[in-house]
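Trainee: sequence and predicted model, in that order:
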Amino acid sequence: MLFVDTHTHLYDEAFDNDRDSVFQRIIQNGVTKMVFPAIDSSYFERQHECASKYKDNVFMAMGLHPTSVGKAWKNELEFATEHLEKSFLPSQGVRYVAVGEIGLDGYWSKDFIEEQKEVFSAQLDLAIRYDIPVIIHERSAMDEMFDVLESKSRGLRGVFHAFGGSVETFRRIQKYGDFKVGIGGVVTFKNAGVAKTLEYIPLEKIILETDSPWLTPAPYRGKRNESSYIPIIAQKVAEIKKVDIETVASVTTANAEKLFRI
Ligand SMILES: [Zn+2]
């Protein structure tokens with residue numbers, strides 16, 4: 001069985017002491033492709049260094065994360081935009097498979113929510129211009145997110161990462177393009193609402209992710225998360241969808257490969 005972890009921050013400092021051995025475990029568990037979303041300029045070097053070290057298995061996204069939209073948002077947006085634009089010039093070595101992670105986060109603070117909307121909107125335009133998918137992070141800002149999506153053409157595609165919405169939300173987002181949902185460790189938690197929602201979401205719309213080092217699945221909850229736990233998430237999805245884990249592996253891997261063209 002082969003898997004794709006469509007959302008991992010293996011470049012995070014949480015892995016600085018043992019990244020190579022973590023990487024070995026990931027590969028041994030069949031997770032042979034990983035997507036590294038960007039956060040902001042302060043993570044740029046780490047993300048690129050780590051991706052080039054494991055270049056046969058890692059694909060990068062570029063974008064500005066909503067929680068990094070603060071006083072310096074204009075510079076940060078310019079930074080991400082320039083790197084994306086540059087990568088699409090002929091003969092560039094770096095290839096980004098998505099714009100991400102982008103979106104809106106009103107959970108920690110709504111102080112910069114208007115700026116977040118502007119940044120999100122500009123980055124959706126980049127994805128449309130370069131015809132690549134988006135990796136969307138939405139937390140406590142659903143109405144604002146639909147405001148922004150409503151202003152776009154319908155040609156988007158991408159993933160709602162760490163999806164925790166209702167069936168209605170899932171159906172509504174399909175209006176704006178071909179959107180998958182990213183399912184991670186939360187699905188293994190007791191009484192996870194998303195487990196109920198998943199019953200109504202076709203396997204063809206699901207991709208797997210860890211968001212490591214965060215959102216660790218049971219029974220490792222509370223510890224550092226890593227991509228080698230993807231089969232645990234796949235097993236849980238298999239139980240919910242009443243199929244075998246091999247089916248979950250092959251369908252979600254094909255979904256991810258098609259979405260990101262990897
Ligand atoms: Zn993330």
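Mentor: Structure received.
Trainee: make it CA atoms for all contacts and neighbour counts henceforth
Mentor: OK.
Trainee: how about the nearest residue to R25, chain neighbours excluded?
Mentor: Using C-alpha to C-alpha, 6 or more residues apart in numbering and skipping residues adjacent in sequence, the residue nearest R25 is S228, 6.0 Å away.
Trainee: count of neighbours near the one you found?
Mentor: Neighbourhood size, S228 [other C-alpha atoms under 10 Å]: 22.
Trainee: is it in contact with Q24, as I believe?
Mentor: No. If you go by C-alpha atoms under 8 Å, S228 and Q24 don't touch, sitting 9.0 Å apart.
Trainee: so what's the residue nearest to R25 up against?
Mentor: By C-alpha atoms under 8 Å, 6 or more residues apart in numbering, S228 lies in contact with 22, 25-31.
Trainee: so it, which of the three states?
Mentor: With DSSP: H, G, I helix; E, B strand; the rest coil as the basis, S228 sits in helix.
Trainee: K175 reaches R154, doesn't it?
Mentor: Yes. Using C-alpha under 8 Å, K175 is in contact with R154, at 7.3 Å.
Trainee: from the contact counts, what lies against the helix-or-strand element of the chain with minimal mean pLDDT?
Mentor: Lowest by mean pLDDT, DSSP states H and E among the helices and strands of the chain is helix 193-198, with a mean of 92. Here helix 193-198 touches helix 230-241, going by 3 or more C-alpha pairs under 8 Å, 6 or more residues apart in numbering; DSSP states H and E.
Trainee: contacts for the helix it packs on?
Mentor: Contact with helix 230-241 is made by 3, 5, 29, 31, 183-185, 187-188, 195, 198-199, 203, 208-210, 217, 244-245, 247-249, as judged by C-alpha under 8 Å, 6+ apart.
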